[in-house]
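Take a look and give me a structure for this.
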Amino acid sequence: MEQQITSKEKILKKVRAGLINKSKSSFHNIDLESNVFTRPQGETYSEMFVKGFTEAGGQFVYCDNRFDCIDKLIDFLEQRKLKFLFCREEGLQDLLNDSGITFYSKNDTIEKIQVSITSCEAMLAATGSIMVSSNQQTRVMSIWPPVHIVIAYRSQVVLDMKESFQVLRNKYGRNIPSLISYITGIGCTSDFPAEVEGQLPEVVMGAQGPLELILFLIDDRKQD
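Purely as a prediction, here's the structure:
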């Protein structure tokens, strides 16, 4: 009786054959080091990032310094009547405590949270994306609450993904965080294919996360 071979075994067999019988590459002298993205003339990395970030649906708040950031954050929370703020990072908790902003940090309170606040690892000028990791407790913080606020510094803006990983290596060495994510604007159902071929999907903003992504960017250097 002929033994049945599963799909998984067939794939593994092809992989093993490919590793044993390696073919020579027909592509030579490929440049894998140069950056794919370039900065437009007269535009800084920060300007590139803000342009891409807002085009993707993010909201941007410029802060001249930390004190300006606190003032604008308090104004924002009061104007929007947001009382249930969630924050888990010690550095940000100190900032909130010093400014008199009430926040929560226990899991048993997360269901009523209106807004989360986190920092980030880097911001990518090429795509307008924000890089976060498990060190910012972002497994829940960037998905569950309807409003996600990120407090970051202009010096954290880098060109692309390659440079953002270098930031991680410089900061953590071999202890790279277990989760690394790139947030590019507000997720919506149009990011997924339509259920019926040839028919556009219904657009629902915030389908995979917050309805609003707001960046408070502190200008800790006046030039790139």
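
hey, which helix or strand in this protein has the poorest pLDDT?
The helix or strand of the chain with the poorest confidence is helix 138-141; it has a mean of 69 (mean pLDDT, DSSP states H and E).

and the next element down the chain from that helix?
Next helix or strand after helix 138-141 toward the C-terminus (DSSP states H and E): strand 147-153.

Which strands or helices does that following strand pack on?
The contact analysis (3 or more C-beta pairs under 8 Å, 6 or more residues apart in numbering; DSSP states H and E) places strand 147-153 against helix 66-80, strand 115-118, strand 129-133, strand 212-218. In short, each C-beta sits where N, CA and C put it, glycine included.

Out of the ones you listed, which is closest to Ile151?
Nearest of the helices and strands packed on strand 147-153 to Ile151, taken as C-beta to C-beta: strand 212-218 at 4.9 Å.

CA atoms only for the closest one, dumped as CSV, please.
What follows is strand 212-218, C-alpha atoms only, in CSV (Å, rounded to 0.1, in the frame of the first residue of the first chain):
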residue,chain,number,x,y,z
GLU,A,212,-7.1,58.0,16.5
LEU,A,213,-3.3,57.9,16.6
ILE,A,214,-1.9,61.2,17.9
LEU,A,215,1.8,62.1,18.1
PHE,A,216,3.1,64.7,20.5
LEU,A,217,6.5,65.4,19.0
ILE,A,218,9.0,67.2,21.3
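
Mind listing what's buried along it?
Across strand 212-218, burial judged by 16 or more other C-beta atoms under 10 Å covers 212-218.

any idea which of those residues is closest to Ile183?
Ile183 lies nearest to Leu213 out of the buried residues of strand 212-218, by C-beta to C-beta, at 6.7 Å.

Quick check: nearest residue in space to that closest one, chain neighbours excluded?
Taking C-beta to C-beta, 6 or more residues apart in numbering, and ignoring the residues beside it in sequence, Leu213 has Gly58 as its nearest neighbour in space, at 4.7 Å.

ok, now Arg154?
Arg154 sits nearest to Asp219 (C-beta to C-beta, 6+ apart), 5.0 Å away.

same thing with Leu96?
Ranked by C-beta to C-beta, 6+ apart and with sequence neighbours excluded, the top spatial neighbour of Leu96 is Phe103, at 5.2 Å.

and the gap between Cys120 and Ser26?
Using C-beta to C-beta, to the nearest Å, one gets 41 Å for the distance from Cys120 to Ser26.

quick one: the strands in the protein?
In the chain, strands defined by DSSP state E lie at 59-63, 85-86, 115-118, 122-124, 129-133, 147-153, 157-158, 180-183, 212-218, listed in chain order.

residues in contact with the fourth one?
Applying C-beta atoms under 8 Å, 6 or more residues apart in numbering, the contact partners of strand 122-124 are 49, 53, 129-131, 152, 156-161, 163-164, 167, 182, 215.

One more pass at 6 Å, please.
Identification of contacts with strand 122-124 by C-beta atoms under 6 Å, 6 or more residues apart in numbering yields 49, 130-131, 156-158, 160, 164, 167.

So Cys120 and Ser26 - more neighbours on which side?
Neighbour tally, Cys120 and Ser26, criterion other C-beta atoms under 10 Å: the higher count belongs to Cys120, 23 against 5.
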